[in-house]
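Undergrad: fold the following, please.
(one chain, ligands or ions: 2)
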Amino acid sequence: MTSGSWFGTLELAHRTRGRARFRYRCRSGTPTDARTIERAAENITGVLEARVNRAARSLVLHFDDKEVELESLRTALAALSPPVPAARGSTVVEQGGPAPMVASLATLALTRYLPQPLQFPVALGAAAPLLRHALEDLVANGISSHVLEAMAVSISLARGDYTAANTTTFMLALGEYLEISIARRSDDLLKHLLRPASDQIWIERGGQEVLVAAGEVVVGDTVIVADGAVVPVDGTVLGGEATVNEATMTGESAAIAKGRGDAVLSGTLVEEGRLRVYAEQVGSRTAAARIADYVEQSLTAKSAAQLDAARLADRLVPIVLGLAGVTYFLSGDWRRAASVLQADYSCALKLATPVAFKSAMYGAGRAGILVKGGSALERLADADTFIFDKTGTLTAGTLAVTDSIAFDSTYTAEDLLCLAASVEEHYVHPLAHAVVAAARAIHGQHFEHQEVQFIVAHGVASVIEGQRIVIGSRHFVADDEGIDISAHLETVDRLYEEGKTLLYIGFGGRFLGVLALKDEVRANSAATILRLRELGAKRILMLTGDHRERAEELAEHLGLDGCHAELLPQDKARIVEELSQQGARIAFVGDGINDAPALAGAHVGIAMQKGADIARLTADVALLEDDIACVADAKALANGTMALIGSNYRLTVGLNTGILAAAAAGLLSPITTAMLHNGSTIAILLNALRRSSV
Ligand SMILES: Nc1ncnc2c1ncn2[C@@H]1O[C@H](COP(=O)(O)OP(=O)(O)OP(=O)(O)O)[C@@H](O)[C@H]1O
Ligand SMILES: [Zn+2]
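TA: Ligands and ions are numbered 1, 2, ... in the order given. Next up, the predicted model:
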């Protein structure tokens with residue numbers, strides 16, 4: 001979209017061996033987010049891992065200091081611009097149909113029956129695409145495995161050994177065809193899975209706020225967007241005020257205040273406040289474009305394992321070439337040289353790892369787990385500490401209102417519930433959902449109220465009939481709002497003892513009543529925790545914004561290693577950061593707006609299916625089913641994938657070394673080498689595919 005560099009400024013803030021931290025400023029208008037930057041940086045030669053902290057505008061690189069100098073890294077970073085998807089490896093992407101494979105198979109089968117003079121041109125014709133690509137590759141990237149393959153085919157052609165040339169051509173075409181179809185299958189599925197997170201939107205119709213399906217919104221509608229929600233349309237603010245985080249679109253991480261007349265973009269996030277937006281661009285256009293971009297990025301991004309494999313493959317190319325030269329020099333036999341040239345490592349090393357990742361992502365998708373890239377799997381396999389959020393994660397989050405107690409006789413229990421629901425209905429929070437559902441069940445009236453304020457990890461506030469209403473935690477109502485609750489402590493304590501979660505309601509400065517809710521622990525939370533331990537989790541903790549007693553009870557019940565309660569979002573992130581610094585590799589599992597900072601700061605973030613948009617956007621893994629068992633499934637899948645990649649790696653190196661030695665010793669003809677080498681490559685690819693089910 002834009003050309004030129006991303007970074008306005010880029011300063012080195014800190015460095016140690018193999019690690020450097022840069023402070024950056026984005027140019028405004030650059031369509032990028034943290035992930036885009038990370039991914040692009042990870043594509044720089046020598047870079048092992050990149051992490052961007054948007055809030056701190058810092059970029060941390062882990063790199064191989066034997067391979068790359070800090071100064072050249074910096075230059076490469078400064079020159080970064082948005083990735084052109086699939087620039088390299090285009091040989092694979094451009095083609096795709098089975099035609100080349102069928103043609104080369106036909107050539108292989110039929111050439112021997114052709115009249116002698118036709119055999120050479122036919123074999124050359126079949127090998128032509130391969131030779132052409134190799135030549136392009138040679139010009140662009142120097143000697144690569146493609147070049148070696150082409151040399152082997154050329155030698156066979158020159159020697160008039162058409163069967164050998166045709167066999168090699170066919171095996172390569174077959175391998176390529178398999179890789180493409182596998183890659184395409186997983187790409188399509190991933191695109192399908194990554195739909196926009198929220199499919200319902202609040203709009204104004206005839207002076208009323210109504211919730212409609214995303215597809216129903218048309219240009220000219222007035223869309224309401226509140227805290228924690230992603231703006232669903234491109235448009236102009238008609239009213240309201242809010243701070244909007246546009247990092248996903250512009251890369252600028254500081255929130256920007258928006259008010260009447262300002263433009264807002266779909267995909268940006270309302271952090272605080274509420275906006276009425278005139279919709280100018282709606283529907284699939286904007287969203288689809290963003291999603292396509294996103295998937296493109298996640299598919300082209302390389303994981304560390306992939307980079308390792310590719311690097312090793314590249315290093316081995318000159319060795320194979322040298323060995324072929326020496327073999328010819330010593331034996332004077334072109335056949336041997338051609339055999340050696342075919343036994344290079346690259347195919348299996350470079351293909352097996354991405355195929356394993358993609359097939360794992362595909363399998364994960366079918367099992368209800370959206371994994372955003374191979375590196376997310378890698379980090380999940382790495383994770384040794386699991387931290388769970390409570391409400392909506394370990395508990396079902398489908399709370400039920402059990403009691404509604406009004407302390408003021410002018411209000412009935414129903415009134416209290418409806419009063420709360422009128423204010424809560426604009427927010428995505430498990431507690432808010434429960435209150436609204438309970439009010440709907442009794443067909444309660446709607447109280448007219450002014451704009452609603454949402455105070456993250458505290459509650460909501462508004463004004464009804466000129467009086468301030470506050471609904472939220474004890475800390476919020478009693479400490480922050482200064483409402484005296486002492487007269488009703490007996491009732492409150494009794495409800496706590498019954499194991500209930502309480503919502504305090506203050507109205508006009510007085511304690512009006514409480515709503516008690518019962519949250520059920522998910523039936524399989526305990527089993528999931530156990531499975532995670534078996535899968536290598538050394539420590540499992542819980543962090544929650546809820547009341548301490550509730551939290552400790554649950555932590556004990558589930559057999560966790562510890563818990564922290566009454567936390568604010570920044571506390572969660574801080575605890576994650578502290579533990580990371582002590583060396584823990586943390587997988588954080590959460591669902592709420594209050595979990596987003598921790599999800600972003602963890603080694604790997606996992607968002608629950610019913611989570612807020614921001615949680616699902618921030619996380620590396622987003623569950624597509626409301627089932628906590630998927631967390632253990634994802635971990636098992638990640639472990640299995642990394643083990644498979646490791647064994648493929650050893651298998652590739654072992655097999656090809658054997659083939660290479662035998663070929664150099666003159667034990668293998670070019671045909672046998674082609675069959676063995678390509679056959680084993682295909683076997684390794686198929687092995688990599690095994691992970692497509694959980
Ligand atoms: N929309 C809301 N309406 C009323 N109270 C709320 C709302 N959001 C938060 N609160 C109050 O603030 C407290 C902390 O909220 P927060 O979202 O941080 O965590 P939580 O939902 O309790 O649990 P967890 O952190 O485990 O998800 C809640 O327990 C509740 O009392
Ligand atoms: Zn507070």
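Undergrad: can you name the next helix or strand after the host helix or strand of Met171?
TA: According to DSSP states H and E, Met171 maps onto helix 162-193. Helices and strands here follow DSSP H and E; after helix 162-193, the next one along the chain is strand 200-205.
Undergrad: same for the helix or strand following that next one, what does it pack against?
TA: Moving toward the C-terminus from strand 200-205, the first helix or strand encountered (DSSP H and E) is strand 208-213. On a contact count with 3 or more CB pairs under 8 Å, 6 or more residues apart in numbering; DSSP states H and E, strand 208-213 meets strand 200-205. C-beta here means a position set from N, CA and C on the backbone, and glycine is covered the same way.
Undergrad: the strand it packs on packs against which elements?
TA: Contact partners of strand 200-205 among helices and strands, from 3+ CB pairs under 8 Å, 6+ apart: strand 208-213, strand 222-226.
Undergrad: what's next to that strand, contact-wise?
TA: Contacting residues not belonging to strand 200-205 are listed as 209-214, 217, 221-226, 232, 276, 426 [CB atoms under 8 Å, 6 or more residues apart in numbering].
Undergrad: wait, which of these is closest to Glu38?
TA: For Glu38, the nearest member of the contacts of strand 200-205 is Pro232. The distance, counting by CB to CB, is 25.9 Å.
Undergrad: all strands for the stretch 351-500 of the chain, in order.
TA: Listed in chain order, the strands found in the stretch 351-500 of the chain under DSSP state E, counting those that start in this stretch are 369-371, 385-389, 400-406, 453-455, 459-464, 467-472.
Undergrad: and the longest one, how far from the chain's centre?
TA: Looking back up the chat, that one is strand 400-406. Here strand 400-406 shows a centroid-to-chain-centroid distance of 39 Å under the convention CA atoms, centre = their mean, to the nearest Å.
Undergrad: for it, buried residues please.
TA: When burial is assessed from 16 or more other CB atoms under 10 Å, strand 400-406 yields the following buried residues: 401, 403-406.
Undergrad: how about stretch 459-478?
TA: Taking 16+ other CB under 10 Å as the basis for neighbour counts, the residues of stretch 459-478 that come out buried are 459-462, 464, 469-478.
Undergrad: what subset of those is also close to ligand 1?
TA: Among those, the residues within reach of ligand 1 (CB under 6 Å from any ligand atom) are 459-460, 471-473.
Undergrad: can you put those in TSV and add pLDDT?
TA: Conversion of these to TSV gives the following (pLDDT from 0 to 100):
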residue	pLDDT
Gly459	91
Val460	93
Ile471	96
Gly472	95
Ser473	93
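Undergrad: now the residues you listed as CSV including distance to Thr353?
TA: Converted to CSV, those look like this (distance: CB to CB, whole Å):
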residue, distance to Thr353
Gly459, 48
Val460, 48
Ile471, 51
Gly472, 49
Ser473, 47
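Undergrad: tell me which of the buried residues of strand 400-406 is nearest to ligand 1?
TA: Val401 (12.0 Å; CB to the nearest ligand atom).
Undergrad: which residues does that closest one bridge with?
TA: Following DSSP bridges, Val401 is listed with bridge partners Leu517.
Undergrad: can I get the strands of the stretch 351-500 of the chain in CSV with distance to Ala421?
TA: Output for the strands of the stretch 351-500 of the chain, formatted as CSV (distance: least, CB to CB, whole Å):
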stretch, distance to Ala421
strand 369-371, 32
strand 385-389, 24
strand 400-406, 9
strand 453-455, 15
strand 459-464, 11
strand 467-472, 10
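Undergrad: which residue is the nearest non-sequential neighbour of Val47?
TA: Nearest in space to Val47, with sequence neighbours left out and distances taken as CB to CB, 6 or more residues apart in numbering, is Phe63 at 4.9 Å.
Undergrad: got a list of what that neighbour touches?
TA: For Phe63, the contacting residues are 18-20, 46-48, 73, by CB under 8 Å, 6+ apart.
Undergrad: most surrounded residue in those?
TA: Using other CB atoms under 10 Å as the neighbour criterion, Val47 leads those with 24 neighbours.
Undergrad: how much space between Met171 and ligand 1?
TA: Distance of Met171 to ligand 1, computed by CB to the nearest ligand atom, to the nearest Å: 55 Å.
Undergrad: what's the local residue count around the residue nearest to that residue when sequence neighbours are not counted?
TA: Taking CB to CB, 6+ apart, and ignoring the residues beside it in sequence, Met171 has Asn678 as its nearest neighbour in space, at 3.2 Å. Here the count is done by other CB under 10 Å, and Asn678 has 23 residues near it.
Undergrad: equivalent analysis for Thr236, please.
TA: Considering only other CB under 10 Å, Thr236 is surrounded by 15 other residues.
Undergrad: and it, what does it touch?
TA: Contacts here follow CB under 8 Å, 6+ apart; on that basis Thr236 touches 261-264, 277-278, 280.
Undergrad: which stretches of the stretch 51-200 of the chain form strands?
TA: Taking DSSP E, counting those that start in this stretch as the criterion, the stretch 51-200 of the chain carries its strands at 58-63, 200-205.
Undergrad: for the last one, buried residues please.
TA: It refers to strand 200-205. For strand 200-205, by 16+ other CB under 10 Å, it's 201-203.
Undergrad: now do the first one
TA: By neighbour count with 16+ other CB under 10 Å, strand 58-63 contains the buried residues 59-61, 63.
Undergrad: what's the answer for stretch 562-571, then?
TA: By neighbour count, and taking 16+ other CB under 10 Å as the criterion, the buried residues in stretch 562-571 are 563-567, 569, 571.
Undergrad: pLDDT check: weakest of these?
TA: Comparing pLDDT over the buried residues of stretch 562-571, the lowest score belongs to Pro569 (83).
Undergrad: out of the buried residues of strand 200-205, the closest to Ala432 would be?
TA: Top of the list for closeness to Ala432, among the buried residues of strand 200-205 and by CB to CB, is Trp202 at 13.4 Å.
Undergrad: okay, the closest one: pLDDT?
TA: In the predicted model, Trp202 carries a pLDDT score of 89.
Undergrad: what bridges to the residue lying closest to it once chain neighbours are set aside?
TA: On the basis of CB to CB, 6+ apart, the spatially nearest residue to Trp202 that is not a chain neighbour turns out to be Ile224, at 4.1 Å. In this structure, Ile224 has the following beta-bridge partners (DSSP bridges): Trp202, Arg276.
Undergrad: which ones are touching Ile224?
TA: With CB under 8 Å, 6+ apart as the criterion, the residues that contact Ile224 are 202-204, 209, 274-277, 426.
Undergrad: gap between it and Gly235?
TA: Separation of Ile224 from Gly235 (CB to CB, to the nearest Å) stands at 12 Å.
Undergrad: what's the overlap in contacts for those two?
TA: With CB under 8 Å, 6+ apart as the test, Ile224 and Gly235 both reach Val277.
Undergrad: helix/strand/coil for Asp633?
TA: Under the three-state scheme (DSSP: H, G, I helix; E, B strand; the rest coil), Asp633 adopts helix.
Undergrad: look at it and report its pLDDT.
TA: pLDDT recorded at Asp633 is 95.
Undergrad: quick one: it and Ala367 touch, right?
TA: Yes: distance between Asp633 and Ala367: 5.8 Å, which falls inside the contact criterion (CB atoms under 8 Å).
Undergrad: neighbour count winner among the two?
TA: Neighbours per residue (other CB under 10 Å) separate Asp633 from Ala367, with Asp633 holding more: 22 against 19.
Undergrad: tell me where the stretch 1-150 of the chain has helices.
TA: Shown for the stretch 1-150 of the chain, the helices assigned by DSSP state H, counting those that start in this stretch span residues 34-42, 70-78, 90-94, 99-110, 116-141, 145-158.
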